[in-house]
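> Can you look at this prediction? I've put the sequence above it.
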Amino acid sequence: MDPASRAAELRADLERHNYLYYVLDSPEIDDSAYDRLFQQLVALETADPSLRTTDSPTQRVGAPPVSRFPSHRHRMPMLSLDNAFDEEALRAFDERVRRGLGGVDQVDYFLELKFDGASLSLTYIDDVLSMAATRGDGATGEQVTPNARTVGGIPFRTQTAMLGEAEVRGEVVMFKAVFEELNRDRLARGEQVFANPRNAAAGGLRQLDSRLTAKRRLRFFAYGLGAGPPLASSQSETLARLRKMGFAVHEGARVVRGLSEMLEFISDTQAIRTALPFQIDGVVIKVNDFDLQDALGFTARGPRWAISYKFPAEQVFTRLNRIFAQVGRTGAITPVAELEPVQVGGVMVTRATLHNYEDLARKDVREGDTVIVQRAGDVIPEVVGPVLDKRIGDHPAPSEPTICPECRSELTRRASEVVPRCPNKACPAQVAAKIRHFVTRKAMDIEGLGEKLIDRFLETGLFADVASIYRLREHRDVLIKMERLGEQSVDNLLDGIEESKNRALPHFLFGLGIRGVGDKGAQEIVQELRTLEAIRAADYATFIAIPNVGPATASELQEWFEEPDNQRLLDEMLKLGVAPTEAEGPVSDQFSGQTFVFTGKLEKLAREDAEEIVAKLGGKSSGSVSKLTSFVVAGPGAGSKLTKAESLGVPVLTEDEFLTKLPFPFQGKGAGGESP
Ligand code: IVH
């Protein structure tokens, strides 16, 4: 056989074995036999590089590094789901769904595992993987295509036709066994271990060098489609089709009828949870039929036809070895428990919070106690309480410190608070905590700047405040000479820092670590005030007028921005090139003061696009009709909202009538969407 035909044969063979392994979970050959075929193909391709096609299985080991990830605006936003934590919330969901569908008795739901990983959106053009993007903030993600090409369960080319442009969405996970193996290796090499499989997967997807992504042996599970033509008329059929096309789809999903079968599936899944090879944190419940999904539609936050049930926190017993005082980024002093290392929810836990000294005293936790430790999802593990029967010896109850354990300043305390604080703004522990917060994922998302490195930079004087991060580049030579910091990792770090300069403003605002301002709060503030300049100029009255900003947070905000040190810090960062991306304002005020409700099927516009257009023209969209609604835009299949609009006398428009109101000609679905 000539080399070209042999290479084609090997490619087909290897792809089939990949499919058997990743999708069907039933390999026909073992790893070493696979490896032999693989090496034969590598040899042919090395001898004649023209045989190396882009869809060759040899291309799954990664490609040369890129310098940055181009951003990608999702054609259809990647939404998140509402959470339910108990049966009652599920019952309420089921009732809402049934009511929304006109009071039907029972609904068929499709129940899927909720993979605990990182979501990924794959674009296929004429059956070929052309682009992969992370979720990012839901509207815009990062293009990580070379990385996605190393992930198991993602076909380079679909097996059955999916013509045109289509998006397949799913979750990238790291299997528990891989996680443990990689952590053992990292430990042996003195490197920092991964906190959990989700971080390891998300971090793996964001490696500039895809050969490093390949080493993480990540896996993809498809859970749906994004923009593009539907493949079927229900969720269950869609996933079955995706599986035939070559995507890994987990087999644990089921169609169930009504609430009781739903609850049964959830408790069965919970029982097998730890036996699964990857982590899940719950079950996703989706109305199965797409027509019914369409009828239910979306709220501003997410679909009305789906919810995610989160498993309850896992609890374990372990010994509490020591209690120490920790200084937080706002100077708050909190007690932390040092534990005998223990696995909770697949993660090794060595420390847990004890919240505050009042709580600690109430629970009567002492050093040496056997304690119950609990961890739920992303939340920091906490000590629930001691097992008093098992208390041996009589360690004294720990007392609240009066001086800062770090800088020895005398602690102060506001009358209304349970937490004492270190008043020294230059306290090294506070500075370290501020920097740690600033670089986290929900803030500036600077990878590679871990706790140990931050401490080292503080010790060596490279760091004095968050602005110092943006001065690191000036010290590149010093960094490269530091122990265990090679040129490559320094440059990766500096690139990550550079990239963070244009993070969206809500992330930057959250990163400042102002008390009371969480990631959601930061988003709302930016939505209202839009620019950093406006936020800096705002006073108490402006802050308190923002929905969901209460009096305490409004005064924290005002105080923070008034403080001369903080003003200097902000000026400093701007001077160093930090330029957070600000929200785009409306392009006109044509719809200013008007509220639109879209209902039924829109034929020319995707609903998200319609809502975006309304926002661009200064108006608002809402999910429900009231006296305050200006217009209801109703398409075929419109139901209760249309009836309500009619009864309230709210003007109703057809989609075409809505389009004629727009100041620009509109070409139909997909127009204005950005191609990758
Ligand atoms: S469906 C509009 N299905 O959970 C519905 N999501 O809060 C979009 N996730 O960011 C999501 N397993 O990354 C869906 N079987 C599953 C999932 C799943 C995990 C993640 C997903 C998303 C988040 C939703």
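Great, that's in hand.

> From L276, how far off is the residue of the stretch 301-450 of the chain found nearest the ligand?
Per C-beta to the nearest ligand atom, P303 is where the stretch 301-450 of the chain lies closest to the ligand, at 4.8 Å. The C-beta positions use only the backbone N, C-alpha and C, and glycine is treated the same way. Distance from P303 to L276, counting by C-beta to C-beta, to the nearest Å: 25 Å.

> Point me to the residue of the stretch 51-200 of the chain nearest the ligand.
Nearest residue of the stretch 51-200 of the chain to the ligand: S119, at 3.1 Å (C-beta to the nearest ligand atom).

> Nearest residue to that residue in space, ignoring adjacent ones along the chain?
Excluding the flanking residues, the one nearest S119 by C-beta to C-beta, 6 or more residues apart in numbering is R135, at 4.5 Å.

> one step back: ok, then the element right after the helix or strand harbouring the residue of the stretch 51-200 of the chain closest to the ligand?
Following DSSP states H and E, one finds S119 within strand 118-125. Sequence-wise, the next helix or strand beyond strand 118-125 is strand 128-134, with elements assigned using DSSP H and E.

> And the next helix or strand past that following strand?
Assigned by DSSP H and E, the successor of strand 128-134 is strand 140-142.

> list the contacts for P636?
By C-beta atoms under 8 Å, 6 or more residues apart in numbering, P636 lies in contact with G600, K601, E603.

> ok, back up a step: wait, isn't the residue of the stretch 51-200 of the chain closest to the ligand in contact with G138?
No: shown here, S119 and G138 do not form a contact pair, counting by C-beta atoms under 8 Å, at 9.5 Å.

> These two: which has the busier surroundings?
Between S119 and G138, counting by other C-beta atoms under 10 Å, S119 is the more crowded of the two (20 against 13).

> Give me the neighbour count for the closest residue to P230 other than its chain neighbours.
Using C-beta to C-beta, 6+ apart and skipping the chain neighbours, the partner closest in space to P230 is F290 (6.5 Å). Neighbourhood size, F290 [other C-beta under 10 Å]: 16.

> quick revisit: in the strand holding S119, what counts as buried?
A118, S119, L120, S121, L122, T123, Y124 (16 or more other C-beta atoms under 10 Å).

> who does that strand pair up with?
Applying DSSP bridges to the sheet, strand 118-125 is found paired with strand 128-134 (antiparallel), strand 165-173 (antiparallel).

> so which of those gets nearest S416?
Nearest of those to S416, taken as C-beta to C-beta: strand 128-134 at 41.1 Å.

> can you pull the buried residues of that closest one?
Buried, per 16+ other C-beta under 10 Å, within strand 128-134: L129, M131, A132, A133, T134.

> hmm, it touching the ligand?
No: judged by C-beta under 6 Å from any ligand atom, strand 128-134 and the ligand are separated, with a smallest distance of 10.2 Å.

> CA-only coordinates of the helix or strand encompassing D609 in CSV, if you can.
If you go by DSSP H and E, D609 is part of helix 607-616. Presented in CSV, the C-alpha positions along helix 607-616 are these (Å, rounded to 0.1, in the frame of the first residue of the first chain):
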residue,chain,number,x,y,z
ARG,A,607,-35.1,36.7,20.9
GLU,A,608,-31.8,37.6,22.5
ASP,A,609,-31.0,39.8,19.4
ALA,A,610,-34.4,41.5,19.7
GLU,A,611,-33.7,42.3,23.3
GLU,A,612,-30.3,43.5,22.5
ILE,A,613,-31.7,45.8,19.9
VAL,A,614,-34.2,47.2,22.3
ALA,A,615,-31.3,47.9,24.8
LYS,A,616,-29.2,49.5,22.1
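
> where's that helix relative to the chain centroid, distance-wise?
24 Å (C-alpha atoms, centre = their mean, to the nearest Å).

> in this structure, which residue is closest to the centre?
A118 (6.4 Å; C-alpha atoms, centre = their mean).

> which residue packs closest to that one, ignoring adjacent ones?
Per C-beta to C-beta, 6+ apart, closest to A118 is A202, 3.8 Å.

> after the helix or strand containing the one you found comes which helix or strand?
Per DSSP H and E, A202 falls inside helix 197-205. Going down the chain from helix 197-205, the next helix or strand is helix 210-215, by DSSP H and E.

> Which strands or helices does the helix or strand that comes right after that next one pack on?
For helix 210-215, the following helix or strand on the C-terminal side (DSSP H and E) is strand 219-225. Contact here means 3 or more C-beta pairs under 8 Å, 6 or more residues apart in numbering; DSSP states H and E; on that basis strand 219-225 packs against strand 108-115, strand 165-173, helix 235-245.

> I'd like the ones you listed laid out as a markdown table, including mean neighbour count and mean pLDDT.
Listed next are the helices and strands packed on strand 219-225 as a markdown table, based on neighbours: other C-beta atoms under 10 Å; pLDDT from 0 to 100:
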| stretch | mean neighbour count | mean pLDDT |
| --- | --- | --- |
| strand 108-115 | 24 | 98 |
| strand 165-173 | 24 | 95 |
| helix 235-245 | 20 | 96 |
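
> need those in CSV with distance to T213, can you?
CSV is the format used below for the helices and strands packed on strand 219-225 (distance: least, C-beta to C-beta, whole Å):
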stretch, distance to T213
strand 108-115, 18
strand 165-173, 10
helix 235-245, 22
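
> Of all these, which one comes closest to V419?
Using C-beta to C-beta, the helices and strands packed on strand 219-225 put strand 108-115 closest to V419, at 34.1 Å.

> and the residue of the stretch 501-650 of the chain nearest the ligand?
E608 (11.4 Å).

> Tell me where the stretch 301-450 of the chain has helices.
Here the stretch 301-450 of the chain has its helices, by DSSP state H, counting those that start in this stretch, at 357-363, 428-438.

> residues of the shortest one that come out buried?
Of the residues in helix 357-363, Y357, D359, L360, K363 count as buried by neighbour count, 16+ other C-beta under 10 Å.

> SS state for V517?
Classification of V517 by DSSP: H, G, I helix; E, B strand; the rest coil places it in coil.

> Run through the residues that contact it.
Counting by C-beta under 8 Å, 6+ apart, V517 has contacts L509, F510, I525, T553, E556, L557.

> pLDDT score for it?
pLDDT recorded at V517 is 94.

> Same question for K520.
We have a pLDDT of 81 for K520.

> for R68, same thing?
Reported pLDDT for R68: 89.
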